[in-house]
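>>> Starting from these lines, generate the structure:
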Amino acid sequence: MNWSSLYTMQKQLDTYIESQYDLSDKDIFREKYLALLVELGELANETRCFKFWSMKPRNKQTIILEEYVDGIHFILSLGLEKGFRYDSEAVKPGEIDETGQFNRVYDSCISFYREPSDKNYKKLFENYVQLGIVLGFDEQAVKDAYLRKNEINYERQNQGY
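Residues are numbered from 1 along each chain as shown. Predicted coordinates for the structure are as follows:
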């Protein structure tokens, strides 16, 4: 997928939020990183992939996709914060199950936080895209869901979220 348009939209949203809260001169990398971890946990919770002790089924795919896209927002934002971009057109599906892929993404998050390099950012993004593939999302579904959620994020900001 070409992520360029999503980076542009994310930059606009980030700028809007930063102006609303007078954050233009503040380093909020830590907060965005923690937000990504929280979103990743919420996503895992909706899939229930790790809940071996429970018979309750996973949530609807539409809910899982919405949670997945929340993570995309923060990954894009973290890249913008540090001046990194992910531009890979094709990502191969991982050869691992959902729980394993979630763990890979968490590991990538930690690596990027400890050493925010271009290499670590691209690995984080790639692992997250692979997670989307494992969860059953195609590129168009992700892009459409991102566009919908971006609109919701603006509405929330305008309503004092």
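
>>> Show me how far the lengthiest helix in the chain is from its chain's centre.
Looking across the chain with DSSP state H, the single longest helix is helix 61-82. Here helix 61-82 shows a centroid-to-chain-centroid distance of 2 Å under the convention C-alpha atoms, centre = their mean, to the nearest Å.

>>> Show me which residues of it are buried.
Residues of helix 61-82 classed as buried under the neighbour-count rule (16 or more other C-beta atoms under 10 Å) are 64-82. Just so you know, the C-beta spots here come from the backbone N, C-alpha and C atoms, and that holds for glycine as well.

>>> name the helices or strands packed onto it?
Judged by 3 or more C-beta pairs under 8 Å, 6 or more residues apart in numbering; DSSP states H and E, the packing partners of helix 61-82 are helix 4-20, helix 29-47, helix 118-134, helix 139-158.

>>> Give the buried residues for the helix or strand following it.
Counting by DSSP states H and E, the next helix or strand C-terminal to helix 61-82 is helix 98-114. Residues of helix 98-114 classed as buried by neighbour count (16+ other C-beta under 10 Å): 98, 101-102, 104-106, 108-109, 111-113.

>>> can you list the residues you listed in CSV and add distance to Cys49 and pLDDT?
Listed next are the buried residues of helix 98-114 as CSV, based on distance: C-beta to C-beta, whole Å; pLDDT from 0 to 100:
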residue, distance to Cys49, pLDDT
Glu98, 4, 97
Gln101, 9, 97
Phe102, 7, 98
Arg104, 13, 97
Val105, 12, 98
Tyr106, 13, 98
Ser108, 17, 98
Cys109, 17, 98
Ser111, 22, 98
Phe112, 23, 98
Tyr113, 23, 98
